[in-house]
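Trainee: based on what follows, work out the 3D shape:
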Amino acid sequence: MIGEIGFDVPTGNKQCTFEMCHQAIERFLPTAGFRSLSGRFAYWLLLGSTVFKKSPNGFCRWEHERLVVHRISSYCTNQVDPDCSAQVSQQLDPRSHAGPVVDSPVVDSPVVDSPVVDPLEVDRCTGSTYTRSNKSDVNKGIQIIFPEEEGLFVDARCLVWAYDILSHGWWHLVPFEVKKPISVFGLARKAVEWEEARKANPALRPNITFEASCYKVSYGYKIVWDLVMFSEWLRTGRSTGDVGFKHVSQENRQGGWLIASGDASAAVRDLVQSWPTNQSSKGEGFACILRRWRRRYKPPTFAGEGGSLRSRTECLSWREFTGIVVKTLGELGVPVEQAPKELRRCQRRQQIREKVAAFTELNDPAHTSFLDVMMSDSPPSHLMSISGNKFQVVKETETGMQIPPRYLVWAYDVLNHDWWAAVPEDIFCSGLSVFGLAQKACEANNQKIHSLSASCYNCGERNRAHRFTQSCERCEEPWSPEEFWEWLRSRHFEHVCDQLKNNGQPTEECAADTRPSVNWENMNRDHLLKMIDEIGFNVPIGTEDSTYQVCDESIETFMPTAGYRSFLDKFVGARTTRSGVFKKSSDGFYPWEFQRLIVHRVSSCSTTTDPSCGTGDC
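Mentor: So this is what the prediction gives:
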């Protein structure tokens, strides 16, 4: 039967074979939305394994089409389906161009109250309105269609995108204004109009997630759905937590880009953290951003083209991976330009929870008093420097401040290590908080602040530079007191706990360890590594070839001078001229480590002033 109709049977590589799960002929009859048989096949393939199931004893897609041509021709001629003769009395008249046998949803049916919408549990889509419990800004009722919208045919990918937005409450991913209440069909129609408007005016913001592969229809077809078709897809093609289409081709995964499932989370974090953030990049589309990331990113167990290094069952396809990316951008709850910063905040909060849980498991009564403080979103009234001097993170009059991160981290290091004279006299005054000192440093615009130019307070340390369209923790938007306290707890959790626990008593790592009287060459290497880690932002990841010895004699090269040359300029100059300051040593330190130690040394050597001595009260 397959070989006796049409042109010659095509030859070529063996394709994946499938078994048709549902044999009803109505699935392939022409409708107002689909006049071509090929279009009907593309539509049902979108529903995944509920219609076509992968089977070694089945037929290829083109073979299924030829068999259905036989059936349709017989049905339209004799009103008898050779494969389904027992169901003749229940079939629809093909001349009516009716859709599949599906009960049409009733618009005024009662709302289904369920904490999570699981379309697989909706019996024949008997209701067009669903309810899901989520964040406060999520509509309590998900309206599939309004009465005035019945009869509409809308691009299928727009409908699936709109359903994801409404069901998850991802309004921050919608680039155009929406007047609520709105239905899935209404939002989908607006998405179509927005895409048309962007063709006429490319300056309009792109609908970022709409461009993801998980919303694309394979085989190059543009498919439109009415209410009945969308309801059938919702009933048979969705699982709780799905994003976009689930396509039958995902089960095959022949060729293409694959990534090991175990590497997917790390890959998504890397992608989101490198997402463009500045104004000039807002015209970039989802596909462009992911292509650029894909060229750069090489996971440790990269599957490669065709997945030769990993079993296909252990990998995710590109479509599946983009679905996870869309879900991550949606769950972050902020516009995509702010996603990198929000993801870093989520990671810091997770680190804090893990560290608090570890302390809690110790069941030490002494921990109870300060763990409550560490769990709070507000900093304590005072913190203690390493020599026992009290200082504030933020004063009551400063709670509304927002200051760039680099100034806050530098100010904390100054107050925590008692680097009083490292601050210019016209900036420093007694009683400054971290936010107060950071504000003064920001207003000074780096002038006269020698150590602020060090790599540990700026982007690019350890050659970890990024594109100007991106941001990192060191250059992201200004921090509020809550955000800085969040960073401080994740970065220096144990140290802050010690200070709270000791209630103002000097710690064992007294500030005297870094005073000029100490010979660095005689210091324990572990202690020097601890000094490297305790200042600046998080220690960067990477490697360098050469390591250098720490020399007391070299410190004068980096001290501030009357002509003012920034610390970084002096460091780069000394390294470039090979003036003998850097002495290679197999058990030495990498340049970025060497620089952090010199920041310690320079700030300590210039510290001769007591914290109570200032030009005046602030």
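Trainee: L290 touches L271, doesn't it?
Mentor: Yes: in terms of Cβ atoms under 8 Å, L290 counts as a neighbour of L271; the distance is 7.2 Å. C-betas here are computed from N, CA, C, even on glycine.
Trainee: any residues in contact with both of those two?
Mentor: Any residue near both L290 and L271 by Cβ atoms under 8 Å, 6 or more residues apart in numbering counts here, and that gives V325.
Trainee: more neighbours: these two, which one.
Mentor: L271 (24 against 19; other Cβ atoms under 10 Å).
Trainee: excluding chain neighbours, what is closest to that one?
Mentor: With sequence-adjacent residues excluded and distances taken as Cβ to Cβ, 6 or more residues apart in numbering, L271 is closest to W293, at 5.0 Å.
Trainee: next, E425: phi, psi?
Mentor: Dihedral pair for E425: phi -60, psi -30, per degrees, to the nearest 10.
Trainee: what's the separation between A411 and I427?
Mentor: 10 Å (Cβ to Cβ, to the nearest Å).
Trainee: higher neighbour count, the two?
Mentor: It is A411, of A411 and I427, that has more neighbours when counted by other Cβ under 10 Å, with 27 against 17.
Trainee: wait, doesn't the more buried one sit right on F428?
Mentor: No: when contacts are counted by Cβ under 8 Å, A411 is not listed as touching F428 (10.7 Å).
Trainee: quick check: neighbours shared by A411 and I427?
Mentor: Contacts common to A411 and I427, judged by Cβ under 8 Å, 6+ apart, are 437, 441.
Trainee: run a quick neighbour tally on E284.
Mentor: Applying other Cβ under 10 Å, I find that E284 has 15 neighbouring residues.
Trainee: SS state for S38?
Mentor: Counting by DSSP: H, G, I helix; E, B strand; the rest coil, the backbone at S38 sits in helix.
Trainee: surely V9 is within a helix?
Mentor: No: assigned with three-state DSSP, V9 falls outside any helix and is coil.
Trainee: which residues touch it?
Mentor: 2-3.
Trainee: distance check, it against E65.
Mentor: 12 Å.
Trainee: ditto for F391
Mentor: 76 Å.
Trainee: higher neighbour count, the two?
Mentor: F391 (21 against 17).
Trainee: got phi/psi on the more buried one?
Mentor: Dihedral angles (degrees, to the nearest 10) for F391: phi -150, psi 160.
Trainee: can you show me the strands along the stretch 201-350 of the chain?
Mentor: 224-225, 257-260, 304-305, 315-317 (DSSP state E, counting those that start in this stretch).
Trainee: closest to D242 out of the ones you listed?
Mentor: strand 315-317 (13.8 Å; Cβ to Cβ).
Trainee: what packs against that closest one?
Mentor: Helices and strands touching strand 315-317, as assessed by 3 or more Cβ pairs under 8 Å, 6 or more residues apart in numbering; DSSP states H and E, comprise strand 257-260.
Trainee: which other helices and strands does the strand it packs on contact?
Mentor: strand 315-317, helix 318-332.
Trainee: just want the most central residue of this structure.
Mentor: V272 (3.7 Å; Cα atoms, centre = their mean).
Trainee: OK, contacts around the residue nearest to P405 when sequence neighbours are not counted?
Mentor: Among residues not flanking P405 along the chain, W479 sits closest, at 5.4 Å (Cβ to Cβ, 6+ apart). The contact partners of W479, by Cβ under 8 Å, 6+ apart, come to 402-405, 408, 487.
Trainee: in PyMOL, select just the buried ones from those.
Mentor: In PyMOL syntax, the buried subset of the contacts of W479 is picked out as below (16 or more other Cβ atoms under 10 Å):
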select buried, resi 403+404+405+408+487
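Trainee: can you tell me which of the contacts of W479 end up in helices?
Mentor: Those of these mapping onto helices are 405, 408, 487, per DSSP state H.
Trainee: the nearest residue to N538 once chain neighbours are set aside and V69: what is the separation?
Mentor: Distance criterion Cβ to Cβ, 6+ apart; nearest residue to N538, sequence neighbours excluded, is R491 at 6.4 Å. For R491, the distance to V69 equals 67 Å [Cβ to Cβ].
Trainee: neighbour-wise, which of those two wins?
Mentor: Using other Cβ under 10 Å as the criterion, R491 and V69 rank with R491 on top: 19 against 16.
Trainee: how close does that one get to I535?
Mentor: 10 Å.
Trainee: from what I can see P540 touches R464, true?
Mentor: Yes: under the criterion of Cβ under 8 Å, P540 makes contact with R464 at 4.9 Å.
Trainee: re earlier: can you put the contacts of W479 in CSV and add distance to S453 and pLDDT?
Mentor: What follows is the contacts of W479, written out as CSV (distance: Cβ to Cβ, whole Å; pLDDT from 0 to 100):
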residue, distance to S453, pLDDT
Q402, 22, 97
I403, 17, 97
P404, 14, 96
P405, 15, 97
L408, 16, 97
W487, 21, 97
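Trainee: I'd like the contacts of W479 as a markdown table, with distance to F370 appended.
Mentor: Output for the contacts of W479, formatted as a markdown table (distance: Cβ to Cβ, whole Å):
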| residue | distance to F370 |
| --- | --- |
| Q402 | 27 |
| I403 | 26 |
| P404 | 29 |
| P405 | 25 |
| L408 | 22 |
| W487 | 18 |
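Trainee: which one of the contacts of W479 is nearest to F18?
Mentor: W487 (52.6 Å).
Trainee: run a quick neighbour tally on the nearest residue to C214 once chain neighbours are set aside.
Mentor: Once flanking residues are discounted, C214 sits nearest to G244: 2.8 Å by Cβ to Cβ, 6+ apart. G244 has 22 neighbours, counted by other Cβ under 10 Å.
Trainee: would you confirm that G244 contacts E211?
Mentor: No: contact criterion Cβ under 8 Å: G244 and E211 do not qualify, at 11.4 Å.
Trainee: wait, P478 touches Y407, no?
Mentor: No: P478 sits out of contact with Y407 when judged by Cβ under 8 Å, with a separation of 9.1 Å.
Trainee: so how far is V228 from R235?
Mentor: 11 Å.
Trainee: ugh, typo on my part, it should be A454
Mentor: 66 Å.
Trainee: check E314 too.
Mentor: For E314, the distance to V228 - Cβ to Cβ - is 38 Å.
Trainee: between those two, which has more neighbouring residues?
Mentor: Remark: of E314 and V228, V228 carries more neighbours, 19 against 14, as counted by other Cβ under 10 Å.
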